Structures are given as C-alpha cells and as structure tokens.
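Visitor: heads up, no residue letters with this:
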C-alpha cells in the first residue's frame, strides 16, 4: 500500500525530472536488457537453489543498471554450457524481437558434501560470436548464508563487467532501531537481510557511521548520562576507547569519518553554542573548526569523499547561524571558506555522494516558519548549483545516505515515531522497503 | 607449645626405685636445696614400676574472636595428678568457655605424681568489631515539587525564554530558593518535526537557557543539572499544534538531593 504509493510518486518524479533535463547521476546511462535464467543445478539442496537464484535476481534488479527481462518471456532454455552460444540460431533466440536481449547471465551450481560451487558467465549476445565478459567460479559452505554471499559477489562482478562498477550487493547499512525496547545500533545487508542488533546500551543511540575500512562504527549514545561519541568495533562487537571530551552535562553528537579513515568530525557543545570539531580516530589532536556567537547550533557534519586535489578536505554541515532555521554549509576541513548553500527553508541531514559531485539532504522547502513537518529528500548538484527532488509525499523523509555505487540512496520515511527504511535509485527506480519491525531511522550506507 | 613433657633428671631411676624411695629421695633433694616437684596433695598410688611423664594438650575454638564474643578452651592430659589453667586448678580433662576482652594467652600445666610437669599454651586474639553501618541518607522526594515547579515552554525552533516562561521560571526560582535541599534536572525537549540530530542540540540549548535564567534569579548553579532528549520521550504524539507546543519545553525533575 504505502510502498506502491511511494513507487508511483517516485516514478512520477523520475519522468518529471528527465523532462527538466536536470543533472542526475545516472542520466544518459542506458540500461542493458538482460536475461537471467535460473542456474543449472545438480545435486544441490532445493532451498539453496532458491536462495541463490532469488538473491542474484534481486541484486541485479536492484542494481538499476539493467532491465531484467521476465523469465516467462524466454523462448530458449538456459545454456547448459558456453558452447551452446556458438550456435547462431540459439543465440538469435535471445537477441530477436521482442526479447531483444543484450546481455545473458547464466551458470551452474554444484554441491559437493558441505561445499557449494557456483560457475557464472556473462555474455554480450549482440556480438555475432564470442562476447564473453565474465567467467568465474565461486566456492563457499553449502549454507543459506554461503549461497547468499556467492550470489552477492557474482552480482557485483556482473555489474562491474557491464562497466557500472562498483556494485552494492556486498555492502551493508547501519541504522538505529527501537524494536528491542530502546534505540540501539543495528546493521543489515544492503537488501534488508541479516538484521542484527549491535549495541545493548539501553539508552538513546543516534547517528551510526561506518568507517571507510568497514571495521569500526562511530555513533552517539546517552548511556553515560549525556550525549557522547562512542566507537564500536564491527569485528569484535566491543566498544573501543574514545575520550569523552564533553564531560558531565555536556553534549557530543553526529560523528563523521574522513575519507582516509584517520579523523572524525563531530559536534560538541561549547559555551552557549554547539561547534564542529575534528579529532584523530585515536582521540588525539582535537581541533575546533567553527566559532559562533549567540546560541548557534552547528551539527551533522559530513566529509566530501572525493575532495579536489590539493585541498585539505571539505565538510558539509548544518547550522542555524543565519537566523533561526537550520541551513546547509560547506567549509574546508580546516574551517576556512565557509559557504552557505542557497536553499532557504529548513534544510538538514547532508550526505555527500561518493564522486563528490552531489549532496543529498532533507528539506522542508517552502518554510518561512512553522510547518507541518513533512520533509522530502533532495539532491543538490555542486556543478550545476541546482537541486533535484527525490521523494514527493506527505511523510517525513529524512536522513538520506548515499550508496557506494553513487546510484542509490537509503533514507527513513514514515509517520512520526514510526519511520521505516527505504532504498531507491537516484532516478527514482527500484524502490525497496528494507525494515518493518519497530521504528527504524538514521541509516548509513557502508563505503564498499 | 602443647604437651611437651619435661623430663626430670630422675627419669632413668624410675624403674629402679620404689615409691617410698622416690619420696625419700625427693625430700633429700629438697633438703639439699635442689628445686624439686612438690609432693602431691593427696596420696596417690603411682605405679610402683614406672612414673611416666605427663602430657597435656590445649586448644581454643575459635582462636580469633571479636570483642564481646566467647571461645571454648579444651584440654586433655595424661599421667597427671593435677592440672592448672592459668594458675587455677581444673579437671584433668575438660573444657571451659572464656570471653576475654583483649587478646590473651592461656596456659595449662599438668603435674604428674612424681612432680613432673607438662604444659601447653594457646593465644586467643580479640579484635574490635566493625563500627555499625551508617544508614544511607534517605531519598527525600518533595511532594509539592511537581505542582509547584512549572516547566518552561518554547517557540518553534527557538531557545529564547519568552514572557510566559519567564513568569514560570521566576516562580520556580522562588520555590527552589525556599527549598534549599532540593536539586533539579532540566531535560530539554523538542516536538517531533525536523532532524533528530539538530533537535538533540536544540533541546540541550533549551535546558541550558532555563538553567541560565534560574541562575540569574539567584539559584545556585550547582543545584541544577541539564541534559537533552531532543524529540525522544515526547509528552504526546498527535500531529497538531497543541501537542507540538506541549513537547517544546524544558522539563523539571527532582535531582537526587544532598
């Protein structure tokens, strides 16, 4: 119901956006028509086959770089071997109208005792002969998780072989969920599978941020009596030491990793203001970046993953220094060259795209004062100095986070106190609801 | 030292001499100025052939007590005609409760018929009991607090103390000044609209603004702690202006007083 309405709204936006000739990240990239028959299998547990085939299908569908043609339309059986493609009439069974297949992915599964072996191929069948783009073999334990992991890896390899890498099929998303009774840090696969609770602090947790190397997660927790930054090791599930600069009665929040993983930017109460600081990941070398007057709040910093060559880095953040309502600012990572984005309204929650060219954010656009609270996700393009609207509904859409393929975003949406997480391609295609239980918010997509 | 029998110089002669001879010899030794075991008070019938050495043991249970508690001394003896505990005659075998007020050494001495002795000793250590636990100070809850201390409410996206909040906080300051034992927590709240991250900071700003105002009215800053929950823990959840206003506040709770 809700997801269908969102799909219609997003697709409507996609058409409108294309008509306006705005700069969007995947404009101009044609989507190959791809056929993906079930993989051949001999002696493989039926449930593993189903897991593998359905995960591979969903990964390639979600990638938003191919049009997967439905299997009910196929006129040919899947190739039993590469040699089948040497037969011109077999090949043309795929390429002829109305199927018009351009890329064919196929392969086989074998189960040897407790091991699963998958052989996968990708062919450009528009070539009169040959056209092999990928041939790879994968081995893993013959478990549901093992089959799922192979499908994800093969999907990424197919996306890369098509020229659209890196794929997102092996990436993960961190988020906050209250389904255990308190707001805690959780992680899940990018497709919503494997949702795991990672903290048990029984307090308020906010703003999880995965480090660029995927090993550490920074977040805010009020468990010590005041909002403070904490670090969690994603490999051992233990909290790592990190100094509490704020102390009793203080406030620290919104951590953000530098693209080289060596520093964190964060917000900390300083006198009557909240200022942006950077510190080394080992807790040393605290540097203050903003200096404000008059009860100013500076929060939610995010680094440019691809700053211009020779720059000390760039940080976007939220500030209400220009009046009462929060606005978006960009500065160098040493605090200089402060610039406000020309937005107006109530603008928050910036997320910088992996290629450095865009900023996704949440906006109540026509807001001179009080408002209904409905906010939408927008994308600001630095090059054209213009924005594109991604969501268009009456819900509270907030907290966008870019995927590492620079094509997808995850965000939270829903009525107050009942938000869920959704992923979508930046052109509005392939929306997916990722969570259903409890209130889920503040998603953060991993860097790889 | 337990049950060590002292050998008399005559032990080698025991087997050779009769009882009377032993007596005679004993008297003769006494006349010559030698220190000898005194004659037994009651005429015993020591074995004619042998006068073995006495033995004695002494135990205390327990060996360490708190002042005011009791312990039990237990002794046994053999080949003895008389036993003394710290100088007082006691049964040849027996036990006795004691409650020394400080650490004390106890000794038993056993005497054989021919005047040999054995002794044993034990020490009971007496320690002071721990002082009685001070009960923790009671948690006092001021029953008039919730009625008397009013929250301060704020405009949308603002942390300024507006006139109605000033009036409430002046009254709160008076209450706090007249209840010097009270300490308070101020929790900053926001309505549910907008960024949770920004609202956490805004809530903190609101709590700080309330604290500053109370301090400006003469309340000691050390009595006031502040924190923020942003838009979490709302007072109401409907989406209307009335509920939004209800949630934009600095909320007072009682601290864990002095």
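Guide: Sure thing, it's come through. Note that the structure is predicted; figures quoted are calculated from it, not measured.

Visitor: Quick check: which ranges of the chain have low pLDDT?
Guide: You didn't pick a chain, so chain A it is. A:1-29, A:367-369 (pLDDT under 70).

Visitor: Sorry, I should have been clearer: chain B.
Guide: Within chain B, the set of residues satisfying pLDDT under 70 comprises B:1-50, B:130-132, B:256-258.

Visitor: Okay, helices next: where are they in it?
Guide: B:19-31, B:145-148, B:163-178, B:196-216, B:241-247 (DSSP state H).

Visitor: Tell me the buried residues in the last one?
Guide: Read it as helix B:241-247. The neighbour-count check on helix B:241-247 (16 or more other Cβ atoms under 10 Å in any protein chain shown) flags B:243, B:244, B:246, B:247 as buried. Glycine gets a C-beta too; all of them are placed from N, C-alpha and C.

Visitor: Quick check: which of the helices of chain B is nearest to residue A:179?
Guide: helix B:196-216 (17.0 Å; Cβ to Cβ).

Visitor: chain center to that closest one, what's the gap?
Guide: Distance, stretch centre to chain centre, for helix B:196-216: 45 Å (Cα atoms, centre = their mean, to the nearest Å).

Visitor: Which positions in it come out as buried?
Guide: Buried residues in helix B:196-216 (16+ other Cβ under 10 Å): B:196-211, B:213-214.

Visitor: And for stretch A:96-114?
Guide: A:99, A:101, A:102, A:103, A:104, A:105, A:106, A:107, A:108, A:109, A:110, A:111.

Visitor: Let's have those in TSV, adding distance to chain B.
Guide: What follows is those, written out as TSV (distance: Cβ to the nearest Cβ, whole Å):
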residue	distance to chain B
A:99	48
A:101	46
A:102	43
A:103	42
A:104	46
A:105	42
A:106	46
A:107	45
A:108	48
A:109	45
A:110	49
A:111	47
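
Visitor: With respect to residue A:55, which of those residues is nearest?
Guide: residue A:109 (12.4 Å).

Visitor: what's around residue A:116, how many residues?
Guide: The number of residues packed near residue A:116 is 24, by other Cβ atoms under 10 Å in any protein chain shown.

Visitor: For residue B:106, give its distance to chain A.
Guide: Distance of residue B:106 to chain A, given as Cβ to the nearest Cβ, to the nearest Å: 58 Å.

Visitor: mind listing what that residue touches?
Guide: Shown in contact with residue B:106 (Cβ atoms under 8 Å, 6 or more residues apart in numbering or on different chains): B:58, B:60, B:73, B:85, B:86, B:98, B:121, B:122, B:123, B:124.

Visitor: let's see 7 Å
Guide: B:58, B:60, B:73, B:85, B:86, B:121, B:122, B:124 (Cβ atoms under 7 Å, 6 or more residues apart in numbering or on different chains).

Visitor: Quick check on the residues you listed: which are buried?
Guide: Applying 16+ other Cβ under 10 Å to the contacts of residue B:106 flags B:58, B:60, B:73, B:85, B:122, B:124 as buried.

Visitor: Now for those residues: which two are most distant?
Guide: B:85 and B:124 (12.9 Å).

Visitor: For the stretch 101-250 of chain B, which residues are neighbours of chain A?
Guide: B:156-159, B:192-198, B:200-202, B:204-205, B:208, B:225-229, B:232, B:237, B:239 (Cβ under 7 Å from any Cβ of the partner chain).

Visitor: How about the contacts made by residue 164?
Guide: Picking chain A for this. residue A:65.

Visitor: my bad, the chain I had in mind was chain B
Guide: Residue B:164 makes contact with residue B:153, according to Cβ under 7 Å, 6+ apart.

Visitor: what about it, distance to residue B:151?
Guide: Distance, residue B:164 to residue B:151, using Cβ to Cβ, to the nearest Å: 11 Å.

Visitor: Same question for residue A:266.
Guide: 30 Å.

Visitor: And the two? Which one has more around it.
Guide: The neighbour comparison of residue A:266 against residue B:151 (other Cβ under 10 Å) goes to residue A:266, with 27 against 19.

Visitor: Now tell me what touches the strand or helix carrying the more buried one from outside.
Guide: Element membership of residue A:266, judged by DSSP states H and E, is strand A:263-270. For strand A:263-270, the surrounding residues in contact (Cβ under 7 Å, 6+ apart) are A:218, A:229, A:245-246, A:250-257, A:274-281, A:298-299, A:301, A:303, A:315, B:201, B:204.

Visitor: go again using 6 Å as the cut-off
Guide: A:218, A:229, A:246, A:250-256, A:274, A:276-280, A:299, A:301, A:315 (Cβ atoms under 6 Å, 6 or more residues apart in numbering or on different chains).

Visitor: Narrow these to just the buried residues.
Guide: A:218, A:229, A:246, A:250-256, A:274, A:276-279, A:299, A:301, A:315.

Visitor: Among the residues you listed, which ones lie close to chain B?
Guide: A:251, A:253, A:254, A:274, A:299 (Cβ under 6 Å from any Cβ of the partner chain).

Visitor: returning to what we had before: could you point out which element follows the strand holding residue A:266?
Guide: In N-to-C order, the element after strand A:263-270 by DSSP H and E is strand A:273-280.

Visitor: and that next one, what other elements does it pack with?
Guide: strand A:263-270, strand A:287-288, strand A:298-303 (3 or more Cβ pairs under 6 Å, 6 or more residues apart in numbering or on different chains; DSSP states H and E).

Visitor: Dump those strands to CSV, plus distance to residue A:32.
Guide: Below are the helices and strands packed on strand A:273-280 laid out as CSV (distance: least, Cβ to Cβ, whole Å):
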stretch, distance to residue A:32
strand A:263-270, 40
strand A:287-288, 48
strand A:298-303, 33
